[in-house]
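Enquirer: Got a sequence here, can you build the structure:
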Amino acid sequence: MYRLLRAPLQPVTYSRWLHLCVPILLVALWMFVEPAAPWVPLLIAIPVGLVPWVRLVEGLQARFLLTPHDWGRAESTISAVPSARWNDRWRTLLWLEVRFVLAWVAWVPTVWLPAMSVEMVSIALGHPLGSDYMLPFEPPRWAAALLVPVPLILLIAIVVLCGELITAIARRLLGPSAAERLTALEARTEQLLERNRIARELHDSIGHALTVAVVQAGAARAAGDPEFTDRALCAIEETGRAALEDLERVLGVLRESGQPPSQRPTLVEADRLLESARASGAAVDAQLCGPLDRLPGPVTREGYRILQEALTNVLRHCGPVPVRVRIEMAGDRLDLEVSNPLPDGPALIQRSGSGLRGMRERAALLGGEAETGPHEGSWRVRARLPLERIR
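Expert: The predicted structure is shown next:
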């Protein structure tokens, strides 16, 4: 009851009423051509409903008039795309036929009920009705005065109910098909994967730069040697400049005007990471085997980030310790391993933050695997990335 009382104040009530009246306008135009055959528009709707673009037009109209509160939302209950399959075309055809029928159902009370209220006002004012009137009987003047709002209330109730009914039918017949829902789900998944990738990029590049800067600054302050301080400042400057380039590239992706993925750092530039770790005091023993410049783009880019995160964790949690790095192309896969002595405390063993998870995610996206954890008295990061399926 409360909803019915609120209905006259809701804009959607009138927009749905307008949607119900639109087919009647088309029928009225046809009645000028052939008054004796008002059912012909139902036949005309059959070939029209099979046209793919009709579903787009009907979907946009239904969105705008039936569900204006959902306008602009990414996940709408009413689709607004052309028919891609015959199932969508038959649903569109059925929608057009149902729309014509409901338009007739709503049009009759829309005309008759206001006319009844006008006739009762005339009776209440003492004006007699003519020979052609819509009231089933002529009530007394006092009864007519009391019954004037009843047809209008009935009209509002009918309009609201028909509006709810046509909206429910539109969501059923014009709603996204299974293929459209799958496409939307895939697009949403791609967006989430892209957001996770950007988060990993920021974490790895910026985290590595800040870790190197902190370690270098702390070592320079503890050493008290001007020459060592100069080297530390140079390393901080170089690492910071590389991090700024990575940050600008990631921000460019967010602005949808970034550089192509091919300009992201690759394992060919692994020496830059190794020198940065050595400049921070770590004794890096590196073995790079195979033609790394021939690696597939996704493998070499993700491998660079895994190596970067592994070295960052060493500097962050263990400091300047001996580090063994092995990168090798072994037939149909790339093996990447970084190991270092375990720290005295349990910080690294208990650590399971976004960095380790990011390495595993990068490897999994390529169909490979990454293992992180203690191994024979050392902390080891080992990644195996397949090459054949990427090629």
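
Enquirer: show me what contacts the closest residue to L173 other than its chain neighbours?
Expert: In space, and not counting its chain neighbours, L173 is closest to W95: 4.1 Å by C-beta to C-beta, 6 or more residues apart in numbering. For every residue, glycine as well, the C-beta is placed using N, CA and C. Contacts of W95 were listed using C-beta atoms under 8 Å, 6 or more residues apart in numbering, and they are G49, E58, I169, A170, L173, L174.

Enquirer: Write the ChimeraX selection for whichever of these are buried.
Expert: In ChimeraX syntax, the buried subset of these is picked out as below (16 or more other C-beta atoms under 10 Å):
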select :49,58,169,170,173,174
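
Enquirer: Serialize the contacts of W95 to TSV and add fields for secondary structure, distance to R181 and pLDDT.
Expert: TSV is the format used below for the contacts of W95 (DSSP: H, G, I helix; E, B strand; the rest coil; distance: C-beta to C-beta, whole Å; pLDDT from 0 to 100):
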residue	secondary structure	distance to R181	pLDDT
G49	helix	22	85
E58	helix	19	90
I169	helix	19	92
A170	helix	17	91
L173	helix	15	90
L174	coil	13	88
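
Enquirer: now the contacts of W95 in TSV, with distance to Q287?
Expert: Formatted as TSV, those follow (distance: C-beta to C-beta, whole Å):
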residue	distance to Q287
G49	68
E58	65
I169	68
A170	65
L173	65
L174	62
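
Enquirer: Which residue, other than its chain neighbours, is closest to C289?
Expert: C289 sits nearest to E328 (C-beta to C-beta, 6+ apart), 4.2 Å away.

Enquirer: The one you found falls within a strand, correct?
Expert: Yes: counting by DSSP: H, G, I helix; E, B strand; the rest coil, E328 is part of a strand.

Enquirer: I'd like to know how far it sits from L307.
Expert: 13 Å (C-beta to C-beta, to the nearest Å).

Enquirer: Those two - which one has more neighbours?
Expert: Neighbour tally, E328 and L307, criterion other C-beta atoms under 10 Å: the higher count belongs to L307, 26 against 15.

Enquirer: right, and that one touches V323 too?
Expert: No: with contact defined as C-beta atoms under 8 Å, L307 does not reach V323; the gap is 10.8 Å.

Enquirer: okay, and the common contacts of the two?
Expert: Joint contacts of L307 and V323 (C-beta under 8 Å, 6+ apart) are V338.

Enquirer: got the domain boundaries for the chain?
Expert: Using automatic domain parsing, the domain ranges for the chain come out as 2-176, 182-386.

Enquirer: Where among the ones you listed is average confidence lowest?
Expert: The weakest mean pLDDT among the domains of the chain belongs to domain 182-386, with a mean of 77.

Enquirer: Now do that one: distance to the chain's middle.
Expert: Relative to the centre of its chain, domain 182-386 is centred 29 Å away, using C-alpha atoms, centre = their mean, to the nearest Å.

Enquirer: gap between the two ends of stretch 313-329?
Expert: 24 Å (C-alpha to C-alpha, to the nearest Å).

Enquirer: ok, L334 touching E328?
Expert: Yes: counting by C-beta under 8 Å, E328 is a contact partner of L334 at 7.5 Å.

Enquirer: Overlap of the contact sets of these two?
Expert: What both L334 and E328 touch, as defined by C-beta under 8 Å, 6+ apart, is an empty set.

Enquirer: roughly how far apart are I24 and A283?
Expert: Taken as C-beta to C-beta, the span from I24 to A283 is 85 Å.

Enquirer: Pick out whichever of those two has more residues nearby.
Expert: I24 (19 against 12).

Enquirer: Touching stretch 155-166 from outside, list them.
Expert: Residues outside stretch 155-166 that contact it (C-beta under 8 Å, 6+ apart) are 3-4, 7-8, 12-13, 16-17, 19-20, 66, 99, 102, 105-106, 109-110, 113-114.

Enquirer: so what does the host helix or strand of A28 touch, helix or strand wise?
Expert: Take DSSP states H and E as the rule and A28 turns out to sit in helix 11-33. Helix 11-33 sits against helix 40-49, helix 52-65, helix 86-124, helix 149-173, with contacts defined as 3 or more C-beta pairs under 8 Å, 6 or more residues apart in numbering; DSSP states H and E.

Enquirer: try 6 Å
Expert: If you count contacts as 3 or more C-beta pairs under 6 Å, 6 or more residues apart in numbering; DSSP states H and E, helix 11-33 packs onto helix 86-124, helix 149-173.

Enquirer: In the shortest one, which residues are buried?
Expert: Residues of helix 149-173 classed as buried under the neighbour-count rule (16+ other C-beta under 10 Å) are 151, 155-156, 158-160, 162-163, 165-167, 169-171, 173.

Enquirer: same thing with the first one?
Expert: Of the residues in helix 86-124, those buried under the neighbour-count criterion (16+ other C-beta under 10 Å) are 88-89, 91-93, 95-96, 98-100, 102-103, 105-107, 109-110, 113, 116-117, 119-120, 123-124.

Enquirer: Please compute how far that helix lies from its chain's middle.
Expert: That offset, for helix 86-124, works out to 38 Å (C-alpha atoms, centre = their mean).

Enquirer: okay, the angle between that helix and helix 11-33?
Expert: For helix 86-124 against helix 11-33, the angle by axes from the mean of the first three to the mean of the last three C-alpha atoms, to 10 degrees is 90 degrees.

Enquirer: need the next SSE after helix 86-124, C-terminal direction.
Expert: Taking DSSP H and E, what comes next after helix 86-124 is helix 141-147.

Enquirer: and that next one, C-alpha only, in CSV?
Expert: Output in CSV follows, covering the C-alpha atoms of helix 141-147 (Å, rounded to 0.1, in the frame of the first residue of the first chain):
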residue,chain,number,x,y,z
ARG,A,141,-24.5,13.5,-7.1
TRP,A,142,-23.1,12.9,-3.6
ALA,A,143,-21.8,9.4,-4.6
ALA,A,144,-20.2,10.8,-7.8
ALA,A,145,-18.4,13.4,-5.7
LEU,A,146,-17.0,10.7,-3.4
LEU,A,147,-16.1,8.3,-6.3
